[in-house]
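J.: structure for this input, please:
(one chain, ligands or ions: 2)
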Amino acid sequence: MTTENVRLIPLGGLGEVGKNMMVVEYGDDIMIIDSGSMFPDDEMFGVDLVIPDTSYLHDKKHHIRGIFITHGHEDHIGSLPYTLPALDFPPIYATRMTQGLIQVKLKEHKLLEKAVINVVTSGDRITIGDCVVEIVRVNHSVPDATALAIHTPIGTIVHTGDYKFDHTPTDGRPADFGTLARLGNEGVLVMLGDSTRVETPGYTPSERVIIDSFDKIFANAPGRIIIATFASLLSRVQQVVHTAERYERVVALVGRSMINNVQMAIELGYLNFPKGMLIRAEDINKFPAERVVIICTGSQGEPTSALTRIANQDHRQVRIQHGDTVILSATPVPGNEKMVNRTINNLFRQGAEVLYQSIANVHVSGHAAQEELKLMINLLRPTYVMPIHGEYRQLILHAKLAYSLGIPEDHIVIGEDGDIVTVSPESIQVTDHVACGNVFVDGLGVGDIGQIVLRDRQVLAQDGILMAVLTVDKETGQPLAGPDIVSRGFVYMRDSEELLESARERILESFIGLNGHASDWSFVKDKIRHPLSEFLYEKTHRRPMILPVVMEV
Ligand SMILES: [Zn+2]
Ligand SMILES: [Zn+2]
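T.: Ligands and ions are numbered 1, 2, ... in the order given. So this is what the prediction gives:
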């Protein structure tokens with residue numbers, strides 16, 4: 001058998017936190033690892049979701065052998081409803097819990113019937129062309145998270161997924177140290193390693209430490225306890241349930257994705273609720289306050305989420321009442337801090353006691369800190385290292401950490417989204433680049449919002465819009481009526497009559513000497529736009545979008 005090089009093509013997750021997607025190619029076979037999504041940032045006005053650009057794969061669909069999902073977080077499964085149809089529904093491989101979270105998501109998008117999901121467990125080996133993919137259990141903040149060992153004819157590629165090493169995880173199943181060590185002994189060609197938490201020294205604490213904090217809070221809370229976390233942070237939900245059981249409280253779920261995920265996890269046996277403990281949100285008031293726990297979505301301050309609604313007194317079933325303790329058991333995703341703080345402020349304003357990460361021990365990360373990253377490298381002893389899952393600085397820090405453990409500099413590659421990284425037994429290097437970037441989902445539109453529309457939205461948000469409507473004589477090109485000026489988000493019209501009157505005069509002045517261009521309307525519109533923009537800037541130091549509307553009669 002002649003051997004070929006392996007090509008690694010990250011389409012997301014390198015140089016950013018979110019929308020993870022890695023393409024692995026050997027010969028004619030393509031494997032995809034994860035298909036995540038990302039929250040839009042502040043400048044992406046009106047965008048609901050950001051997903052990877054998969055156009056590189058569109059003419060290679062028939063070579064795609066499968067999508068392997070490492071675990072069920074949004075940044076690993078969130079774009080499946082878009083990539084699956086775009087790639088003709090390649091088979092998905094995922095562990096049981098991950099499969100459950102994928103099902104919940106695909107059901108919401110009415111895609112479940114078309115999707116093919118193969119359930120795998122740690123230790124399984126799946127043959128893909130000349131390669132074998134081995135599933136390896138790791139710890140993370142959701143049960144059933146995995147790393148992948150892809151055994152290719154030229155060597156083994158280990159993709160760590162998101163991981164930490166937890167000796168006392170909530171589900172009682174630590175990472176598979178034995179397999180990781182065995183892979184290292186057999187020889188690992190490339191390690192693709194999670195870099196999310198490389199800035200933190202030491203070890204990430206076990207999920208178990210949360211239990212102590214929850215115990216203290218539950219012991220002292222005079223009334224209801226409301227806990228907000230990610231709907232996919234099911235290990236945390238289980239901890240709340242365990243604690244609620246000890247303190248004889250019932251638990252209600254609020255928020256659609258929380259209800260869906262928890263129901264699924266109960267059905268699959270990944271979450272244990274003692275009999276009679278789970279109550280409906282409608283029934284909360286039938287129990288005394290000191291016997292109630294509410295688990296809800298909204299730890300990121302998302303505007304339509306349950307916790308934000310509760311904080312704004314806008315929730316159908318839950319109002320903050322005297323004695324409530326609210327726990328935000330999550331870290332704000334970078335960019336969401338403002339929304340989270342607003343929610344916290346509003347909850348305090350309603351009279352709740354609020355506990356969150358910076359003042360109480362109510363969250364631990366699901367990602368490996370420096371010592372665990374070192375442990376992974378020393379277990380695998382890879383020939384080559386390629387940091388993944390992180391902003392650019394985190395990839396660099398992870399590279400430096402690998403270097404400090406003796407991996408030579410030219411054996412470490414810092415890739416970015418869209419790079420083609422070619423690996424042979426002798427070398428690893430970036431050899432080419434493919435189209436990649438952000439695809440925006442807005443409402444029902446996928447990819448139709450581009451940079452131009454976004455720039456317009458930014459201008460509109462910054463300085464508003466000024467419309468100038470006028471009627472022009474078809475023959476002479478001279479104005480007959482107007483201009484009527486409409487401002488939205490630029491100035492309050494009633495208070496700015498003088499300014500708008502001067503603007504009107506400027507527009508009429510632009511028509512002087514324009515006879516020759518009577519019907520060249522784009523020329524005329526430019527003639528209006530430019531001097532008007534200068535004038536408005538001079539008077540206000542604002543640059544509203546100017547929209548001339550010219551009607552000829
Ligand atoms: Zn994750
Ligand atoms: Zn992740």
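J.: so Ala306 versus ligand 1, what's the distance?
T.: From Ala306 across to ligand 1, the span is 22 Å (C-beta to the ion, to the nearest Å). For glycine as for every other residue, the C-beta is placed from the backbone atoms N, C-alpha and C.
J.: tally of neighbours for that residue?
T.: Using other C-beta atoms under 10 Å, Ala306 has 28 other residues around it.
J.: so it touches Gly298, yeah?
T.: Yes: here Ala306 reaches Gly298: they are 5.0 Å apart, a contact under C-beta atoms under 8 Å.
J.: name the residues contacting each of those two.
T.: Common neighbours of Ala306 and Gly298, counting by C-beta atoms under 8 Å, 6 or more residues apart in numbering, are 228, 255.
J.: residues contacting the nearest residue to Ala368 once chain neighbours are set aside?
T.: Nearest non-adjacent residue to Ala368, counting by C-beta to C-beta, 6 or more residues apart in numbering: Lys164, 4.6 Å away. Contact analysis of Lys164 by C-beta under 8 Å, 6+ apart lists 138-140, 197, 204, 365-369, 372.
J.: the same query, at a cut-off of 10 Å, please.
T.: With contact set as C-beta atoms under 10 Å, 6 or more residues apart in numbering, Lys164 has these partners: 138-141, 145, 175, 194, 196-197, 203-207, 364-369, 372-373, 376.
J.: for the stretch 51-200 of the chain, what lies in contact range of ligand 1?
T.: Within reach of ligand 1 by C-beta under 5 Å from the ion, the stretch 51-200 of the chain has these residues: 73, 162.
J.: Arg319: neighbour count?
T.: Neighbourhood size, Arg319 [other C-beta under 10 Å]: 12.
J.: if we can go back for a sec, separation between the residue nearest to Ala368 and Ala147?
T.: According to C-beta to C-beta, to the nearest Å, Lys164 and Ala147 sit 12 Å apart.
J.: common neighbours of these two, please.
T.: Listed as contacting both Lys164 and Ala147 by C-beta under 10 Å, 6+ apart are 138, 140, 175, 194, 376.
J.: check the nearest residue to the second one once chain neighbours are set aside and give its pLDDT.
T.: Spatially, and ignoring its direct neighbours in sequence, His140 is nearest to Gly366 (4.5 Å; C-beta to C-beta, 6+ apart). The score at Gly366 is 92. That number is its pLDDT.
J.: how about the contacts made by Gly366?
T.: So Gly366 contacts 71, 73, 139-142, 145, 162-164, 166, 194, 196-197, 204, 207, 230, 233, 235-236 (C-beta under 10 Å, 6+ apart).
J.: which residue comes closest to Met493 once chain neighbours are left out?
T.: Leaving aside its chain neighbours, Met493 sits nearest to Ser487 (5.3 Å; criterion: C-beta to C-beta, 6+ apart).
J.: and the closest residue to ligand 2 within the stretch 451-553 of the chain, what helix or strand is that in?
T.: For the stretch 451-553 of the chain and ligand 2, the shortest gap (C-beta to the ion) falls at Leu454, measuring 25.1 Å. Per DSSP states H and E, Leu454 falls inside helix 451-463.
J.: report the angle between the next helix or strand along the chain from that helix and helix 451-463.
T.: Using DSSP H and E, the helix or strand that follows helix 451-463 towards the C-terminus is strand 465-472. Put simply, strand 465-472 runs at 100 degrees to helix 451-463, going by axes from the mean of the first three to the mean of the last three C-alpha atoms, to 10 degrees.
J.: kindly export strand 465-472 (C-alpha atoms) in CSV.
T.: Output in CSV follows, covering the C-alpha atoms of strand 465-472 (Å, rounded to 0.1, in the frame of the first residue of the first chain):
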residue,chain,number,x,y,z
ILE,A,465,-30.3,57.3,8.9
LEU,A,466,-31.4,60.4,7.1
MET,A,467,-33.7,60.1,4.1
ALA,A,468,-34.2,62.8,1.6
VAL,A,469,-37.2,62.3,-0.6
LEU,A,470,-37.7,64.6,-3.6
THR,A,471,-39.6,64.8,-6.9
VAL,A,472,-37.8,65.9,-10.0
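J.: parallel or antiparallel, list what pairs with the following helix or strand past it.
T.: Per DSSP H and E, the first helix or strand lying C-terminal to strand 465-472 is strand 479-488. Each strand paired with strand 479-488, and its direction, by DSSP bridges: strand 465-472 (antiparallel).
J.: how far does the strand it pairs with sit from its chain's centre?
T.: Distance of strand 465-472 from the chain centroid (C-alpha atoms, centre = their mean, to the nearest Å) equals 41 Å.
J.: pull out the buried residues from that strand.
T.: 465-468, 470, 472 (16 or more other C-beta atoms under 10 Å).
J.: picking up where we left off before, buried stuff in the helix holding Leu454?
T.: Quick answer for helix 451-463 (16+ other C-beta under 10 Å): 453-454, 457, 460, 463.
J.: nearest to ligand 1 among these?
T.: In terms of C-beta to the ion, no member of the buried residues of helix 451-463 lies closer to ligand 1 than Leu454, at 27.6 Å.
J.: just checking, the closest one touches Phe440?
T.: Yes: counting by C-beta atoms under 10 Å, Phe440 is a contact partner of Leu454 at 7.5 Å.
J.: shared neighbours, those two?
T.: Common contacts of Leu454 and Phe440, defined by C-beta under 10 Å, 6+ apart, comprise 40, 44, 46-47.
J.: among the residues you listed, which ones are in helices?
T.: Using DSSP state H, the subset of the shared contacts of Leu454 and Phe440 located in helices is empty.
J.: any of those residues buried? List them.
T.: 40, 44, 47.
J.: will you turn those residues into CSV that also has distance to ligand 2?
T.: Output for these, formatted as CSV (distance: C-beta to the ion, whole Å):
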residue, distance to ligand 2
Pro40, 17
Met44, 20
Val47, 20
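J.: would a markdown table of the buried residues of helix 451-463 with pLDDT be doable?
T.: Converted to a markdown table, those look like this (pLDDT from 0 to 100):
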| residue | pLDDT |
| --- | --- |
| Val453 | 81 |
| Leu454 | 80 |
| Arg457 | 82 |
| Leu460 | 83 |
| Asp463 | 85 |
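J.: ok, those vs Thr422, which is closest?
T.: Proximity of these to Thr422 (C-beta to C-beta) peaks at Leu454, which lies at 33.7 Å.
J.: Asn438 versus the closest one, what's the distance?
T.: 10 Å.
J.: thank you, goodbye.
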